[in-house]
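1. Just need the structure, nothing else, for what follows:
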Amino acid sequence: MSLKIMVADDEPKTTHLMRSLATPLGHTVLPFGDYRAAGQRGETQRFDVAFVGMRLPELSGLELAHRIRNSKPNRETVIVMLSATDDVAGLRKAFGEGADLVVAKPISADRLRRMLVAMDLPEWKGKRHAVRLPLFTEVNCTWKERQFPLRSLNISESGMLLQPAIDAEVGQEVALEFKVAEVHASLNASARIIRKEGTRHVAVEFISLAPENQNAIQLYVTGHLEVRTPREPLNLGPRRLFRT
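-> From the prediction side, this is the model:
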């Protein structure tokens, strides 16, 4: 599938990088230096992906994201905000205006390539929330003021598979603390136990995620969706989501 990509950023190197990676993959890149024109085009022409700089001289990147998200052709468009900082307040505003992802600059060529490949996968739309991917990290689990040192086996945007199991029963809530080193994030999440496999494994689903934590998980998932062979189908659906 060929993607139609909008790039609206005040740094020319963003457009150069995008073109150098997207064009060989068969995608079309439309750059906009006039951000008001980008907003006007976004209201009349459909894009598969829009990369928008957070701070633009003539029109706020947040305003542009809002305008794109609320236009009829682009209600389902993937909006990636490019931020010069890791400012949490800005990230939350970006999600509030309709952004799907927020990436801190400078964005590496490898991360951008992985994102483009992931967004071109048939599984991307509608199914990426259920995709589980390997993640091996230490997890501090708290239940009824008791702490349990666990280790994750995989993660999705909806939950995690942990080992070993703990005393808590299915349906009970726990607090989790863990790191995703690849995206330089430390996360805190509330979760609910949805399945136990004896004393070996416990599967949890996230109850609430702060926007910055949600973004970190999305970045991790997006960066690894391509890491599978054609013979390794993605595990989708509630019955297979957390199985090893």
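2. Assess the claim that Tyr35 and Leu62 are in contact.
-> No: Tyr35 is beyond contact range of Leu62, at 11.5 Å (criterion: Cβ atoms under 8 Å). Where C-beta positions appear, they are placed from N, C-alpha and C, glycine not excepted.
3. Run through the chain and note the low-pLDDT ranges.
-> 1, 56-59, 122-130, 226-244 (pLDDT under 70).
4. Regarding the chain, what is its longest helix?
-> Taking DSSP state H as the criterion, the chain has its longest helix at helix 211-224.
5. name the helices or strands packed onto that helix?
-> On a contact count with 3 or more Cβ pairs under 8 Å, 6 or more residues apart in numbering; DSSP states H and E, helix 211-224 meets helix 88-96, strand 101-104, helix 109-119, strand 133-134, strand 146-155, strand 173-180, strand 185-197.
6. Kindly provide the distance from the spatially closest residue to Leu133 that is not a sequence neighbour to Val180.
-> Spatial nearest neighbour of Leu133, excluding adjacent residues (Cβ to Cβ, 6 or more residues apart in numbering): His224 at 4.7 Å. For His224, the distance to Val180 (Cβ to Cβ, to the nearest Å) stands at 11 Å.
7. For the residue nearest the centre of the chain, give me its contacts.
-> Centroid-nearest residue in the chain, with Cα atoms, centre = their mean: Gln218, separated by 2.0 Å. Gln218 sits next to Asp100, Leu101, Glu157 when contact means Cβ atoms under 8 Å, 6 or more residues apart in numbering.
8. returning to that earlier point: quick one: closest of the helices and strands packed on helix 211-224 to Leu17.
-> Between Leu17 and the helices and strands packed on helix 211-224, the tightest spacing by Cβ to Cβ is seen for helix 109-119, at 6.2 Å.
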